[in-house]
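Student: Sequence and predicted structure, then a few things I'm wondering about:
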Amino acid sequence: MDTKETDTATTRISFTFQISPMAVILAVGLVVRLVAAALPGFGIDLGTFQFWSVQLGERGAWNFYSDDFFIDWSPGYLYVLWFLGNLDSLFGFGGDQFWYLLKLPSIAADLASAYLLYRILDGQKLTVRVGAAALYLLHPVVLLVGPVWGQVDSILAFFLLLSVYYLAQGRTLVAAVVYTTGFLVKPLAIAALPLFAFWGLRDEIRQVLPALSEASEPLARPVRFGVDLARRLWPVVGASLLAGLLIVLPFFPTNPLGIFDQLADAAKVYPYNSFYAYNFWGLTGWLKPDDMTFWGLAYRWWGIILFVAASLSIIWTFRDVKSPGLMALGVALSVLAFYLFVTRMHERYLFPSILLLLTAGAALNAKSIWAVFGVLSVVHFFNVYYVYITFTEDNYLRMGWLFDWIDDRVFLLSLLAFLAFPVLLASGRFLAMREERAGGEASGG
């Protein structure tokens, strides 16, 4: 036989087909969510979202805010509802179909958050990165709030973590635009504003300081510093304001400043100390008017004072941190402080801290963070589950013994959530000092 023929006869075709472990996790997370979305949703919220969607499809954004019906949401998420309303006008979805459709944005946000978490943990072992993403996608609270309930707190969680991602890279302008967008989706993002503003200002000041030595006259240095800092800050502030204007303008075409009246009105809807939230005010009992006074000052103002004090302690603790893990921990604490101390909190408002704490735990590998993450996960699940079951009839997830157990332990669960704050703050200080020492040794070496 000819040699060429022999070679041809023995030729083998070989190829390898590899699937990324992260792709498998995302696929599993998607399938689980699509199945869970078939369970009964929270009718009050989904019915409201459906009504708003239909109104947006019929009226458009520019005629949406009016006195004709109740609306307490800012424009950010309304773009999604507007899109779904236009789809409904084309295809005419039934009630169950529409409600299932309304759960898809939170599902998309969960998947995006898991992938972002995977990216932030770059440099960690693959098992840690994939395991953290899987833990988030299969977390009971995450599954209950989004795919089952139909709420969109996962979108805010994604925007907060994305802001951390860009700030950790020193990309202050992009982080500011991302944060502004997240705020207009859910104004609860204001919880992280003091810390984000401090970090952004800190980074820009550090960029300006070396140039001060170039000023020949000592008296000219403050002026040089102010001019250079303003030159660096105005693009950040300008980009943030422009992003906000572009989001708001279609809904307030004649008076964009009307967004502030809308936000103020929305904040007045639930004037209670705690609206079913296991927080500081839950220790005294739910649904008490927050204009009640203590030492001559209304609960509402006590809540603001406590939050300001907590924010100052967080800023001091995390003033020099640079790593995304510690930044995520700082923002998680800010969300927790807002949830604990400010009045008018709902049960779901702790939700973003789950993603942020998970990021911190995986990045820093600190037992104290994992312990608090576990406790808050249980407390938050009980809180959300209790409200979901209370206001959802004929629910397949109802477990009478669990519901009754939770119902009798408002004080205990509120106390556990409250104690999580000092534990995390102390842990954050220890971890920040460890990072400072490691940075000093690296620079010294």
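Tutor: Good, I have the coordinates. Numbering: from 1, shown residues only.

Student: Distance check, the most centrally placed residue in the chain against Ala230.
Tutor: Nearest to the geometric centre of the chain sits Ala157, at 1.9 Å (CA atoms, centre = their mean). Computed as CB to CB, to the nearest Å, the Ala157 to Ala230 distance reads 33 Å. Where C-beta positions appear, they are placed from N, C-alpha and C, glycine not excepted.

Student: Hmm, Leu358 and the residue nearest to the centre of the chain touching each other?
Tutor: No: when contacts are counted by CB atoms under 8 Å, Ala157 is not listed as touching Leu358 (10.0 Å).

Student: Contacts for stretch 255-273 next, please.
Tutor: Contact partners of stretch 255-273, identified using CB atoms under 8 Å, 6 or more residues apart in numbering, comprise 65, 72-75, 187, 245, 248-249, 251-252, 281, 284, 286-292, 299-300, 303, 343-344, 346.

Student: out of those residues, which are buried?
Tutor: Neighbour-count burial (16 or more other CB atoms under 10 Å) applied to the contacts of stretch 255-273 gives 65, 73-75, 187, 248, 251-252, 281, 286, 290, 299-300, 303, 343-344, 346.

Student: out of these, which are inside helices?
Tutor: Using DSSP state H, 75, 248, 299-300, 303 are the members of these that sit in helices.

Student: Which one of those is nearest to Phe42?
Tutor: Among those, Pro75 lies closest to Phe42 (CB to CB), at 22.3 Å.

Student: who touches the closest residue to the closest one other than its chain neighbours in this structure?
Tutor: Using CB to CB, 6 or more residues apart in numbering and skipping residues adjacent in sequence, the residue nearest Pro75 is Phe251, 4.5 Å away. Contacts for Phe251 (CB under 8 Å, 6+ apart) come out as 61-62, 64-65, 75, 78, 259.

Student: Try it again at 7 Å.
Tutor: 61-62, 64-65, 75 (CB atoms under 7 Å, 6 or more residues apart in numbering).

Student: Also His380?
Tutor: Taking CB under 7 Å, 6+ apart, one finds 141, 350, 354 in contact with His380.

Student: Please repeat the previous calculation with a cut-off of 8 Å.
Tutor: When contacts are counted by CB under 8 Å, 6+ apart, His380 is found next to 141, 278, 350-351, 354.

Student: coming back round to it: measure the residue nearest to the centre of the chain to Ala438 for me?
Tutor: Going from Ala157 to Ala438 by CB to CB gives 29 Å.

Student: which strands and helices sit next to the host helix or strand of Val141?
Tutor: Secondary structure assigned from DSSP states H and E places Val141 in helix 140-143. Judged by 3 or more CB pairs under 8 Å, 6 or more residues apart in numbering; DSSP states H and E, the packing partners of helix 140-143 are helix 21-36, helix 352-364, helix 367-390.

Student: Please state the offset of it from the chain centre?
Tutor: On the basis of CA atoms, centre = their mean, to the nearest Å, helix 140-143 sits 14 Å off its chain's mean C-alpha point.

Student: pull the CA atoms of it into CSV?
Tutor: Extracted in CSV, the C-alpha atoms of helix 140-143 (Å, rounded to 0.1, in the frame of the first residue of the first chain):
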residue,chain,number,x,y,z
PRO,A,140,-33.4,31.1,49.3
VAL,A,141,-34.0,34.8,49.8
VAL,A,142,-32.8,35.6,46.3
LEU,A,143,-35.1,33.0,44.8
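
Student: hmm, who's touching it?
Tutor: The contact list for helix 140-143 (CB under 8 Å, 6+ apart) reads 32-33, 36, 110, 136, 154, 351, 354-355, 377, 380-381, 384.

Student: ok, 7 Å please
Tutor: For helix 140-143, contacts defined as CB under 7 Å, 6+ apart pick out 36, 110, 136, 154, 351, 354, 377, 380-381, 384.

Student: I'd like to know how many residues surround Arg437.
Tutor: Look at Arg437: counted by other CB atoms under 10 Å, it has 10 neighbours.

Student: try Ser353
Tutor: Applying other CB under 10 Å, we find 31 residues neighbouring Ser353.

Student: Report pLDDT for it.
Tutor: pLDDT for Ser353: 98.

Student: what residues are up against it?
Tutor: Taking CB under 7 Å, 6+ apart, we find Ser353 in contact with 332, 335-336, 376.

Student: Which of these fall within helices?
Tutor: 332, 335-336, 376.

Student: picking up where we left off before, now, the most widely separated pair of the contacts of Ser353?
Tutor: Using CB to CB, the pair of these lying farthest apart is Val335 and Leu376, separated by 10.7 Å.

Student: quick one: which of the two has more around it?
Tutor: A side-by-side neighbour count of Val335 and Leu376, using other CB under 10 Å, places Val335 first with 26 against 22.

Student: you'd agree the more buried one is up against Leu193?
Tutor: No: here Val335 does not reach Leu193: they are 11.2 Å apart, not a contact under CB atoms under 7 Å.

Student: Quickly list what's touching both of the two.
Tutor: With CB under 7 Å, 6+ apart, Val335 and Leu193 have no common neighbours.

Student: Packing partners of the helix or strand Arg202 falls within?
Tutor: According to DSSP H and E, Arg202 maps onto helix 193-208. Using 3 or more CB pairs under 7 Å, 6 or more residues apart in numbering; DSSP states H and E as the contact criterion, the elements in contact with helix 193-208 are helix 153-168, helix 172-185, helix 221-248, helix 299-317, helix 324-341.

Student: let's see it at 6 Å
Tutor: Packing partners of helix 193-208 (3 or more CB pairs under 6 Å, 6 or more residues apart in numbering; DSSP states H and E): helix 172-185, helix 221-248, helix 299-317.

Student: of all the ones you listed, which lies closest to Gly400?
Tutor: In terms of CB to CB, the element of the helices and strands packed on helix 193-208 nearest to Gly400 is helix 299-317, at 33.4 Å.

Student: CA atoms only: put the closest one into PDB for me.
Tutor: Extracted in PDB, the C-alpha atoms of helix 299-317 (Å, rounded to 0.1, in the frame of the first residue of the first chain):
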ATOM      1  CA  TYR A 299     -39.000  58.700  65.800                       C
ATOM      2  CA  ARG A 300     -38.400  59.800  62.200                       C
ATOM      3  CA  TRP A 301     -35.700  62.200  63.200                       C
ATOM      4  CA  TRP A 302     -34.200  59.800  65.700                       C
ATOM      5  CA  GLY A 303     -33.800  57.400  62.800                       C
ATOM      6  CA  ILE A 304     -32.000  60.000  60.700                       C
ATOM      7  CA  ILE A 305     -29.700  60.900  63.500                       C
ATOM      8  CA  LEU A 306     -28.800  57.200  64.200                       C
ATOM      9  CA  PHE A 307     -28.200  56.600  60.500                       C
ATOM     10  CA  VAL A 308     -25.900  59.700  60.200                       C
ATOM     11  CA  ALA A 309     -24.000  58.500  63.200                       C
ATOM     12  CA  ALA A 310     -23.700  55.000  61.800                       C
ATOM     13  CA  SER A 311     -22.600  56.400  58.400                       C
ATOM     14  CA  LEU A 312     -19.800  58.400  60.000                       C
ATOM     15  CA  SER A 313     -18.600  55.300  61.800                       C
ATOM     16  CA  ILE A 314     -18.600  53.300  58.500                       C
ATOM     17  CA  ILE A 315     -16.700  56.100  56.700                       C
ATOM     18  CA  TRP A 316     -14.100  56.200  59.500                       C
ATOM     19  CA  THR A 317     -13.700  52.500  59.500                       C
END
